[in-house]
Every structure is written in structure tokens, then in C-alpha cells.
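1. Next one to model:
(2 chains)
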Amino acid sequence: MRLTDEERAMADGAKSRAAARAMELLIRYGEALGAERLVEVTNVAGTWSVANPIVRDYAARGMDAVFSEFNLDSPEVVETPQAAVTACQLIGGLDARRPEALGVAAEVAALNEAGERYFAARGIAMHATCTPYQVGHVPLFGEHCAWMESSAVVYANAVLGARTNTEGRESTGAASVTRRIPYWGLHIPENRAATHLVRVEIPLSGMRDWGLFGYWLGGQIEDEICALDGIAQRPRPIDLKHFGAAAASSGGLEMYHIPGVTPEAPDLAAAFRGRRPRGTLRFGAAERRAAWQALNGRCTGEEVDFVMLGCPHNALEQVQLVARLLEGRRIRDGVALWVFTPRALGEVAERTGIADIIRAAGGELLSDTCPAISRIVPKGVRRAATDSAKQAHYLPAITGVETLFGSVEACVQAALTGRFAEAAP
Amino acid sequence: MILRGRRMYGGVVEGEALVTRERISGWGGMDPRSGTIIEIGHELRGVSFAGRILVFPAAKGSSAWSHYFHLARLAGKAPAGLLVGRVCTRSALGAAVLKVPALTDFDRDPVEAIRTGDRLRVDADAGIVEILGR
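-> Numbers count the residues shown, from 1 in each chain, chains lettered A, B, ... in the order given. This is a model prediction of the structure:
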């Protein structure tokens, strides 16, 4: 790889041991990709979690040992420097404020807090959410970034027009101290053009439809870039949050265009940058039904004892909707309702009575994690309902719980009655 | 038989091939403590890649791909080599972190040419995979 003078100096240790080790990793990584050079990044979203199993064992040797091994892939323990970019913590394995609600041991919660404080002091914004773009960690149009979290990566590229590949823990760690990442993939403008046309032949209304559309689309493509044509009703940010998360879990969607909605596609021709589509797909009622079947077809019944909302983490308007649906009612005995939102938005909900409504109905408002990441579901649970196609995709494999996917209204109803009663679309 | 590819990570290794036509997930798709594929519906579900040369079309899924293979390396359950049909950031970072001989961009599809159980010699520095026997 070609390095600039500054990059060569960093590799030689002129900046810090951490930067030298980070450059080593970035060069190994760039060569594996076949990249010719690095690019300067100014925004990083990664993970500095120390409380996960296996990682925890390294924390006994100190936070720098965790950072060196897991964020730099460095066999040498180096001092963690101040972050050289705007950087934030993504979702982790427990709710730092309410570890007991998830049954997390006190010593694990204490270790997590020590890690948060250590890395916060070194410049990492501890947003602890899979949706940093909902709480102020928002790159500009065209900004080169290094982000983890597949649902956030597709949102950053498609909706915000920032430029990032799907990075990992080691590469975001290295980027946080060097401001560099391999110039490859979606950093290169020509690679951001649509390759496939998707004709949407039914109106998409609400998050259920957007989730089903995303789940279906991800199953059709690998990492092709689609232009979505025929979207009659303007989507909301929360619709696109759901859509991208679903498509990134069933496939590998990292970028898409909606002409007239997303910033790199004022019209269909712009989405393709003047090239012809390599293929055309259509999404109609049959495809929507197939996605529903793929998510719900394996379930052996409709009785549920767990309802999970907020994957990706809910916007405040979604938390408020759940509260409105629950107000003055009680969820059924033996059913657990967990609602997830970023900690910054949870604070707003706590201070404005929204959280009280959810708790009065028997539910929990949680942050920082989700059942798939924490691998924690309420004790003895056998079947869950969720409004998230992503969570429905991962939960059965990770926790062994059967999962039904549906609208938020149907999920709240299931929490109240113990029965999931939504018909297939 | 010989395949030629591009080096992702250097080194030479001999070992047994484990081949899949399906893409491989890290987080949510495998257990790093045992090096076993756990993804529901995956043709390798329940099979361990530890110590074998993993031959697969591409990586997929969560951005914690490299982190999970990193954990497998620390648990002593890493694959002995990687032969990847189509490179992406997940598999490239995975190869950089696993530090085992790894190749991609082959002159023919390794998933078609190689069978599970084949004895392979991978010379990643020379960009060559030799099938020694099956």
C-alpha cells in the first residue's frame, strides 16, 4: 500500500505506540482487501466494551490490555491515547443503569462502568446504542467514516450520504487513533452507484411493511446496491432505520438509493450514475407475504410470554407510541415487555413521564443493549413477539426462543393478551 | 490440481479443507469457544472449522465478524487457513486478525474445485493452493 509521509511516520512510532500498532493492523487489513492506500476519516463508531465474556478476562490486566488486544489486535500492551476523531460507543451487552433488570451480576456491571469511564476520559462518546445517528453522532454528507454495526452502516451511507464500509472492532479502534481506514469499497464514489433496480409495486405503510421489504430484499441480494423505484409515500427516518436493519441482517445491504428521498439520488438516473441496471427485481404482495412466512413460518403457536420492541433502538416517538398503546392498561401476568431506546432518549422518557406509563403497565424501558447482543431474555421464556425483523432473524439462533414478527400495535396487543393475533399481510 | 489467487495474509500451511457453498457469519453465526458454526439452516451447522482450512464464497452478517474470529483465535479454535471466493471488509479484517494463510480472487471458484476432506497445501506468499489428495 502507498502511505503518505504522515502515515509512514505514524507506522514508525512518531505519534504513539498505539498509533504504530494501529498502522500495522491497517496495513495488514488494507493488503487483505487489495486497497491501494488509506483515507482520512473524521468519524468513528465502534466498541470499547470490556464486560463481554472472554474480553472480561483481559480486563483483569487493565483497560489498556483490552484496548490493545481487541481494538488494535496488538500483542504488545500499549497505552490508550486520546481519540483522534469524533468517536462513539455502539450497543453493548448490558443496561448500565439497570443491570438487575436483565439479571446481570453486580461485578460485571461494575467492570462495564469502569470501562465506560476509562474510555470516556479518552474521548469516546459513550452513547451505547446501535443508532448513534439518533442521538447526535451524525456525520456530514460525503464525510469519510469508520463505523461498525450493520444497521448503522447502511443508514450512514444511504440516508446520511456519509461514506463507510462495514468495519470491525479492530479497524475502528485503529481508525480512532490514526484517523485512517483503507480507501476501498464505499469510500470510492463510483462504487456507490446503484447496480440493481427494485420496482416496488405495493404501497408501503408503516414499519411492518418496511421491515418485511428489507428482510425480503436482503435475501435477494448479496451486497449489490439497489435503487428503490415506486415508493409512493415518503418514508420516515424510523421506517428507513427498520428497513436497513432488516436488509443488513438477511443479506448484506450497505447502501441503497430512493430517488427524491436519499441524498445521492435526486432522480433515478442519478442513482445509477448514468449506467444501466445490471438486474431488476420486483416487490409486490406475494414477496411481502413470502417475507412474513420466512420470519413467522417456523413458529408452532401464537401464545407469547415475551414482547421485545426497539431493534434498532427506538426513537422517542416510537417509545411514546408504545406508552400511548399501554396507557391505563396492564400487560398480562406471565408476559414480559422490554422496550429499548438509546440512553440519551431514555433520559428524556424518564424525565417526562413516558417511562412511568410503560412501567405502570408492567413493562420495562431499557437501554444500552438488546436481547440478541446480551443473549439475555426473561427467564423461562419460550416464544417472543417483536416489531423487528432483525431481532426475529437473530433471536431463535442466539437464545433458542421462537420469535414472531409483526406491527408494534400487534406486539403491544400480544403483551396485553398473551396472544399474537396479527394476520399475514 | 492447483488454484492461483491473491494473497490476503501470507504464510504456508498444509491441512484439511472444510468447504461450504454458503456464506459465513461471525457474530450470531458461530461459537468462538468451540469454533463451530451455529447458524440455523446453515449446511455446516454443528461443524467445527478449528484447525481446518475454511473454503467459503464470502463473509456475511454482523460487523463483529472479525471480533468473533479474533475470540476463536484466542480460544485456540481458529481455522488453519482461509480461502475466500469474494473479499469484503469482514473477511479481510478477519484474515488480518487471524493471521493465518489466506487467499482470495482465484482463477477458478475454490468452492467448486475443492471438496471437504481434501488435503491442501496453501502457499499464500506465492498465491498458490495445491490439492495434495482427496
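2. How about the residues of chain B by chain A?
-> B:6-9, B:23, B:28-29, B:32-33, B:38-40, B:58, B:60-67, B:70-71, B:74-75, B:87-97, B:99, B:102, B:105 (C-beta under 8 Å from any C-beta of the partner chain). Backbone N, C-alpha and C define where each C-beta goes, glycine included.
3. just checking, which of the residues you listed belong to helices?
-> B:65-67, B:70-71, B:74, B:89-97 (DSSP state H).
4. out of those residues, which is most surrounded?
-> When neighbours are counted by other C-beta atoms under 10 Å in any protein chain shown, B:Leu93 leads those with 35 neighbours.
5. which residues touch it?
-> A:29, A:32, A:167-168, A:170-171, B:65-66 (C-beta atoms under 8 Å, 6 or more residues apart in numbering or on different chains).
6. From what I see, A:Ser74 and A:Met23 are in contact.
-> No - shown here, A:Ser74 and A:Met23 do not form a contact pair, counting by C-beta atoms under 8 Å, at 10.7 Å.
7. Who has more neighbours out of these two?
-> Neighbour count, other C-beta under 10 Å: between A:Ser74 and A:Met23, A:Met23 has more, with 25 against 22.
8. Kindly report the domain assignment for chain A.
-> A:5-189, A:193-294, A:299-417 (automatic domain parsing).
9. Give the helix, strand or coil label for the one residue in the stretch 201-350 of chain A that gets nearest to chain B.
-> Distance from chain B to each residue of the stretch 201-350 of chain A (C-beta to the nearest C-beta) is smallest for A:Gly252, at 5.3 Å. Following DSSP: H, G, I helix; E, B strand; the rest coil, A:Gly252 is assigned to coil.
10. circling back to that earlier point, Throw the domains of chain A into TSV and include mean pLDDT, thanks.
-> As requested, these are exported to TSV (pLDDT from 0 to 100):
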stretch	mean pLDDT
domain A:5-189	97
domain A:193-294	96
domain A:299-417	97
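11. My guess is B:Ile128 contacts B:Arg4. True?
-> Yes - under the criterion of C-beta under 8 Å, B:Ile128 makes contact with B:Arg4 at 6.0 Å.
12. Between these two, tell me which one has more neighbours.
-> Neighbour totals were compared for B:Ile128 and B:Arg4, and B:Ile128 leads with 16 against 13 (other C-beta under 10 Å).
13. got the contact list for that one?
-> Counted by C-beta under 8 Å, 6+ apart, B:Ile128 has contacts B:2-5, B:122.
14. Now render those as a markdown table, adding pLDDT and secondary structure.
-> Listed next are the contacts of B:Ile128 as a markdown table, based on pLDDT from 0 to 100; DSSP: H, G, I helix; E, B strand; the rest coil:
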| residue | pLDDT | secondary structure |
| --- | --- | --- |
| B:Ile2 | 96 | strand |
| B:Leu3 | 98 | strand |
| B:Arg4 | 98 | strand |
| B:Gly5 | 98 | coil |
| B:Val122 | 98 | strand |
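15. want to throw the residues you listed into JSON lines with distance to A:Ala114?
-> Below are the contacts of B:Ile128 laid out as JSON lines (distance: C-beta to C-beta, whole Å):
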{"residue": "B:Ile2", "distance to A:Ala114": "53"}
{"residue": "B:Leu3", "distance to A:Ala114": "49"}
{"residue": "B:Arg4", "distance to A:Ala114": "50"}
{"residue": "B:Gly5", "distance to A:Ala114": "45"}
{"residue": "B:Val122", "distance to A:Ala114": "43"}
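16. Let me know the closest of these to chain A.
-> B:Gly5 (11.3 Å).
17. what about the nearest residue to the closest one once chain neighbours are set aside, distance to chain A?
-> Spatial nearest neighbour of B:Gly5, excluding adjacent residues (C-beta to C-beta, 6 or more residues apart in numbering or on different chains): B:Leu103 at 3.7 Å. The gap separating B:Leu103 from chain A is 10 Å, by C-beta to the nearest C-beta, to the nearest Å.
18. what's the neighbour count on B:Leu103?
-> By other C-beta under 10 Å, 28 other residues sit near B:Leu103.
19. Would you check that B:Lys60 makes contact with B:Thr89?
-> No - in this structure B:Lys60 lies outside contact range of B:Thr89 using C-beta under 8 Å: 11.6 Å.
20. all strands for the stretch 251-400 of chain A, in order.
-> Counting by DSSP state E, counting those that start in this stretch, the stretch 251-400 of chain A has strands at residues A:256-257, A:279-283, A:306-309, A:336-340, A:364-366, A:383-386.
21. could those strands go into a markdown table alongside distance to A:Ile202?
-> Below are the strands of the stretch 251-400 of chain A laid out as a markdown table (distance: least, C-beta to C-beta, whole Å):
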| stretch | distance to A:Ile202 |
| --- | --- |
| strand A:256-257 | 18 |
| strand A:279-283 | 7 |
| strand A:306-309 | 25 |
| strand A:336-340 | 29 |
| strand A:364-366 | 34 |
| strand A:383-386 | 23 |
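22. Of the ones you listed, which is nearest A:Gln233?
-> strand A:279-283 (14.4 Å; C-beta to C-beta).
23. helices or strands next to that closest one in the packing?
-> The contact analysis (3 or more C-beta pairs under 8 Å, 6 or more residues apart in numbering or on different chains; DSSP states H and E) places strand A:279-283 against strand A:196-200, helix A:206-220.
24. For A:Asp223, give its distance to A:Glu107.
-> 41 Å (C-beta to C-beta, to the nearest Å).
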